[in-house]
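> Could you work out the structure for the sequence below:
(chains A and B)
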Number of protein chains: 2
Amino acid sequence: MTTNEKRLRQLQALLRKNKLDALFVSRPLEAGFLTGFHLEGCLLAAGKDDVRAFLPKMLFDHFRSVVPFVKAEASDDPAGSALAFMKDKGWRKAAFEPETETYLGGTAWRKKGLAEFGGLTASLRQCKEGDELAAVRKACAIAAKAFRIVKPRIKAGRTETSVALELEDVMQSMGATKTSFATIVGFGPNAAMPHHETSERRLRKNEAVLIDFGCVYHNYCSDMTRTFFYGKPDAEFRKVYAIVQKSHDLGIKAVKPGVSTIAVDKVCRDHISDAGYGQYFIHGTGHGVGLEIHEPPRLNTRYKGTLKKGMIVTVEPGIYLHGRFGVRIEDTVLATGAGREILTK
Amino acid sequence: MTTNEKRLRQLQALLRKNKLDALFVSRPLEAGFLTGFHLEGCLLAAGKDDVRAFLPKMLFDHFRSVVPFVKAEASDDPAGSALAFMKDKGWRKAAFEPETETYLGGTAWRKKGLAEFGGLTASLRQCKEGDELAAVRKACAIAAKAFRIVKPRIKAGRTETSVALELEDVMQSMGATKTSFATIVGFGPNAAMPHHETSERRLRKNEAVLIDFGCVYHNYCSDMTRTFFYGKPDAEFRKVYAIVQKSHDLGIKAVKPGVSTIAVDKVCRDHISDAGYGQYFIHGTGHGVGLEIHEPPRLNTRYKGTLKKGMIVTVEPGIYLHGRFGVRIEDTVLATGAGREILTK
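Modelled structure (predicted):
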C-alpha cells in the first residue's frame, strides 16, 4: 500500500471517530497530501466508506495515472458533481476544513449543508511516514551536499545572486525540482537581516556569509542555514558564533517525542539570553517542514504543541547585529523513537 | 509615485466609492500587490484615509526598507493591533475579501465586526500598470529568448528533464528568480497530455516536442508553449499543427479591449471544431497572467468577462491525440489601446 493510500485510510478512521460521513478537500496541498496528485483543480470527496475525485476533463487521464486507487470523475462542475455524489451515498454529515477553504468557498459549502470541521488533515500531516519521510530525507541530503560542493567556491568578488544560483543549480542537478523558498545569501551587514533579499552585492575579504536555503524533492521541502566568516573573524564574530552554535546544539538535543515545542524554544532562547544577546534573537526557534516550508508545529514562545515521533522541525537560533553581521545556524531535524536525527548533514 | 503607491490610492478610491472605511488584507499575494512587500506575515489595514501595516518584529526593518510609503508597526499580534488601530481611527465599516481570506480567518474578522466585501483587489489586479507591466514584459522576453537559445540544443537522446533544467538555467541567468510553474517538456506521446509531468524519457528521431514554460521576474509571471517536430513530420502532424497555429493566430487577433472573453475562446474553438478536431481541444483557450500564473480573466466557454486595456492573457489552443502526439501553441498577450501586443516573442 502506498503512503497516500494509508493516509486516506487514516483520514477515514478520523471521520468515523468524529462521527463524520465525509470530508470535502479542495486545496491542492491537502488533496495532494491524500492522493499524491498535487495539481490545482481536483476536488476530493473523501467519505468514510468511499472516496471520489472530481476534476476537469483536462486533468482526468493524468489523475488516473498518478492515483489508481481513487475513483475519478471528469466534470465541468466538480462542486456540483461532488454534491450529487454526496446525495447518492446518503452522506448526512459532510464537512470542510475552515483553515484551508476560503471564506467564499466555505460559505458556499455551508449553504449546501456541509459543516466546518478543522484539523483533520493537519493532524495527519504533522507526523511524516513512508514516502513523505523518504522525500524530506532526500531533500535535506541534497541541500547539505550542495552546500559542501558550493562553499569552497565562495570567494571575494562573487555576488550574493551568483552564489544562490549556483547552489540552486547544484541542487537541481541532484534531482531537486525547485527551491523550497527564495534562497537567502547575505554578505556582511546583509547577514544581519533574517529575511534579506539576495542582491548583487559582492563579497569582500573579512565578512560574514549567511546562506539560508532548501529544495523540494517529490513535493517535500528541506531547510537549512549556514553562517561562516570569509577571512579572519574578529573576536565578536567568534563569540557570537559560539553562542549561536551552542544554542543550536542544545535545541537539537532537546528535540524528542514528548517534549513541548515551547521547551525546545526556551532551551535555545535561554542560552542566548544568558549570554547577553537575548534582544538580538528576534524570531522563533523553528517550524515544521513538509509539503510546506513553514507548517505546524512551531517552536516559539507561544505555540502549544508536543513533539511526536515522525515530526520534522527546524532548529534555527540566530543573533542579528544590525548594520554589522548576523549568525544563524539551522538544521532540519526528525523526531525519532530514540530522540532525534539531523537530516541536513 | 511608485506603482504600488498608485494601487493603494486606487484602492482608497474604491473604498470611498463603496462606502467602506477600510479593507483588511492578510494574504501575501494581495498585500504584495498593494505594497511591493510579498513575504508572508504582513497584515495590511488599508483605510480610506490612512494605511498601516502590522508585522512581526523579524520582518519590520525589511518592510520599512521596501515600503517607505506605508507606516508600519511591529506586533506579536498583528490582528489585535490592527483591530485596535481600527478603533482609534473610528472606522465603522471595515471589510475583508471572502475570496482571499480563509473561512477560519473570515469568521474571526466577522466576530470583530468586519464585513465581507469581495472583488476590490481582484478588480485592480486585472489591468496591469507601470512596474507590473514592465515586470511581465521582462518575464516574457526572458522566456522567449531562452527558448531561442535552447531549441537548437534539443537532440535525440536528451531527456525531457535535461531540457527543462537547461531552459530554467538560461532563464535564471537572464534574471528570472524562478519558474512560474513546473516546466512541462513532453516528447512523443507525452506531448498528448496537457499536464504531463516532465520525465526521464529520451527524445527519439521523428517525434513531437512540446514545451510549456515560463518564469518569474520581480514577482510577475510569463507563460508560453512551443511545439515542434524533431525529424520529418508526417502528414497528420503537419495538418494538426497548421490547424492549431491558425486557431492561435485567430485568437490573438481577437484580443482587444471591449471583446468578451467568451468570444476569444469561441474564435479558437470554432476553427478547431470546423477542422474536425473539436473533441481533442480539451481545455480553455487562455487565462490571465500576473502575480499568479493563472488568474482572472479566463478565456473559456463559461467565464463572463470583457477584455480591457492592460489585461494580459494567454492564448493557447491545443489538440491532443492520446498515445500519439499533441500540439499546443501559446503566447502571453497584452490588450493595448491599438489592439494587442504579443509579449512572448
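> from the stretch 151-300 of chain A, which residue is nearest to chain B?
The nearest approach of the stretch 151-300 of chain A to chain B comes at residue A:283, 4.3 Å away (C-beta to the nearest C-beta). Heads up, the C-betas are built off the backbone N, CA and C, glycines and all.
> Determine the set of other helices and strands touching the helix or strand of chain A with the lowest mean pLDDT.
Least confident helix or strand of chain A, by mean pLDDT, DSSP states H and E, is helix A:57-66 with a mean of 89. On a contact count with 3 or more C-beta pairs under 8 Å, 6 or more residues apart in numbering or on different chains; DSSP states H and E, helix A:57-66 meets strand A:71-74.
> do the very next helix or strand once past the strand it packs on and chain B meet at all?
Where DSSP states H and E defines the elements, the next helix or strand beyond strand A:71-74 is helix A:78-89. No - against chain B, helix A:78-89 shows no contacts by C-beta under 8 Å from any C-beta of the partner chain, the least distance being 12.7 Å.
> thinking again about what came up before, show residues contacting the least confident helix or strand of chain A.
A:35-37, A:39, A:41-42, A:53, A:55, A:72, A:74, A:76, B:193-197, B:282-283, B:322 (C-beta atoms under 8 Å, 6 or more residues apart in numbering or on different chains).
> Tell me the buried residues within these.
Applying 16 or more other C-beta atoms under 10 Å in any protein chain shown to the contacts of helix A:57-66, the neighbour count classes A:35-37, A:39, A:41-42, A:53, A:55, A:72, A:74, B:193-197, B:282-283 as buried.
> In helices, which of those residues fall?
Of the buried ones among the contacts of helix A:57-66, the ones assigned to helices by DSSP state H are residue A:35.
> Where strands are concerned, which of the buried ones among the contacts of helix A:57-66 count?
Using DSSP state E, the subset of these located in strands is A:53, A:55, A:72, A:74.
> In space, what's closest to the second one - neighbours in sequence excluded?
By the measure of C-beta to C-beta, 6 or more residues apart in numbering or on different chains, the closest residue to residue A:55 outside its immediate chain neighbours is residue A:42, 5.0 Å from it.
> so the one you found touches residue A:33, yeah?
No - if you go by C-beta atoms under 8 Å, residue A:42 and residue A:33 don't touch, sitting 11.8 Å apart.
> Show me chain A divided up by domain.
A:3-125, A:130-342 (automatic domain parsing).
> possible to save the ones you listed as TSV with distance to residue B:48?
Output for the domains of chain A, formatted as TSV (distance: least, C-beta to C-beta, whole Å):
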stretch	distance to residue B:48
domain A:3-125	22
domain A:130-342	30
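> Can you say which of these is nearest to residue B:87?
With respect to residue B:87, and counting by C-beta to C-beta, the nearest of those is domain A:3-125 at 22.7 Å.
> Determine how far that closest one lies from the middle of the whole chain.
Between the centre of domain A:3-125 and the centre of its chain there are 22 Å (C-alpha atoms, centre = their mean, to the nearest Å).
> rewinding a little: would you list the ones in strands among the buried ones among the contacts of helix A:57-66 in JSON lines and tack on distance to residue A:239 and pLDDT?
Formatted as JSON lines, those follow (distance: C-beta to C-beta, whole Å; pLDDT from 0 to 100):
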{"residue": "A:53", "distance to residue A:239": "57", "pLDDT": "98"}
{"residue": "A:55", "distance to residue A:239": "57", "pLDDT": "96"}
{"residue": "A:72", "distance to residue A:239": "60", "pLDDT": "98"}
{"residue": "A:74", "distance to residue A:239": "64", "pLDDT": "96"}
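> between those residues, which is closest to chain B?
residue A:74 (9.3 Å).
> And that closest one, how far from residue A:25?
Distance, residue A:74 to residue A:25, by C-beta to C-beta, to the nearest Å: 18 Å.
> now swap in residue A:136 and tell me
22 Å.
> Between these two, which is the more surrounded one?
Ranked by neighbour count (other C-beta atoms under 10 Å in any protein chain shown), residue A:136 and residue A:25 place residue A:25 first, with 27 against 24.
> and that one, bridged to which residues?
With DSSP bridges as the criterion, residue A:25 is bridged to residue A:44.
> Let me see the contact set for it.
Neighbouring residues of residue A:25 by C-beta under 8 Å, 6+ apart: A:31, A:34, A:43-44, A:46, A:96-97, A:100, A:121.
> how many other residues sit next to residue A:33?
24.
> And for residue A:21?
Residue A:21: 17 neighbours (other C-beta under 10 Å).
> Distance of it relative to residue A:116?
Residue A:21 sits 15 Å away from residue A:116, going by C-beta to C-beta.
> Ok, residue A:330 next?
35 Å.
> what does the host helix or strand of residue A:312 contact?
Per DSSP H and E, residue A:312 falls inside strand A:312-315. If you take C-beta under 8 Å, 6+ apart as the criterion, strand A:312-315 is touched by A:128, A:133, A:136, A:223-224, A:248, A:251-252, A:255, A:264, A:268, A:285-290, A:297, A:299, A:307, A:330-335, A:343.
> Ok, stretch A:286-305 next?
So stretch A:286-305 is contacted by A:29, A:32-33, A:122, A:125-126, A:128, A:132, A:136, A:180-181, A:214, A:219-223, A:251, A:260-262, A:264-266, A:269, A:283-285, A:307, A:311-316, A:330, A:332, B:40, B:76 (C-beta under 8 Å, 6+ apart).
> number of nearby residues for the closest residue to residue A:221 other than its chain neighbours?
Distances taken as C-beta to C-beta, 6+ apart place residue A:180 nearest to residue A:221, at 3.7 Å, with adjacent residues excluded. By other C-beta under 10 Å, the residues close to residue A:180 number 22.
> what pLDDT does residue A:197 get?
We have a pLDDT of 88 for residue A:197.
> still on that earlier bit, who has more neighbours out of residue A:330 and residue A:116?
Neighbour tally, residue A:330 and residue A:116, criterion other C-beta under 10 Å: the higher count belongs to residue A:330, 24 against 16.
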